[in-house]
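In: Coordinates only, no sequence provided:
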């Protein structure tokens, strides 16, 4: 019996992507060119990178690849980078986050436990030598959470309090107000 399959993966990914979109909405468009250091992505590039995060997993799993030796990484990279570097304004980036997030979540939603249990061989020398499709398909959410942490720090740098922090502050204030009335 599976407690966490395709539908649960999709719901979890949608929650994460929704929080990323909320962060993107909160950052003023004039800060989308902000770059914390010279060797980092701008806000716009980071959002595009996050939007495209699931692409590799979609490529592997929709084509039925079961051995990553079959993947020509050098052929794929220019496509991924071109999408990341394509100029987009704030509205276009948010729409891109929404559409790519929904595309991936919809894919996850229909996956069977049998498919998620299949094994994919990693490239030679990788540890572990193989992973389940389930484990691989969790990685875009993990990747997004990593970058959303960066995005939340950038929000602070440009003077925006992240929405998750604001929500926690509101809950704390409500509890304190209720406690003072009691």
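Out: Perfect, thanks for sending it. Here the structure is a predicted model, which means the values were calculated and not measured.

In: What strand or helix carries residue 81?
Out: Taking DSSP states H and E as the criterion, residue 81 maps to helix 73-85.

In: residue boundaries of the strands in the protein?
Out: 119-121, 130-132 (DSSP state E).

In: closest to residue 168 out of those strands?
Out: Of all those, it is strand 130-132 that lies closest to residue 168, at 34.4 Å by CB to CB. For glycine as for every other residue, the C-beta is placed from the backbone atoms N, C-alpha and C.

In: residue closest to the middle of the chain?
Out: For the chain, the residue nearest the mean C-alpha position is residue 144 (2.8 Å; CA atoms, centre = their mean).

In: List the buried residues of the helix holding residue 81.
Out: Buried residues in helix 73-85, counted by 16 or more other CB atoms under 10 Å: 80, 83, 84.

In: So which other helices or strands are in contact with the helix or strand of the chain with the lowest mean pLDDT?
Out: The weakest-scoring helix or strand in the chain, judged by mean pLDDT, DSSP states H and E, is helix 73-85 (a mean of 90). Counting contacts by 3 or more CB pairs under 8 Å, 6 or more residues apart in numbering; DSSP states H and E, helix 73-85 packs against helix 43-51, helix 55-62.

In: could you give me the average pLDDT of the lengthiest helix in the chain?
Out: For the chain, the longest helix by residue count, based on DSSP state H, is helix 133-157. Averaged across helix 133-157, the pLDDT comes to 97.
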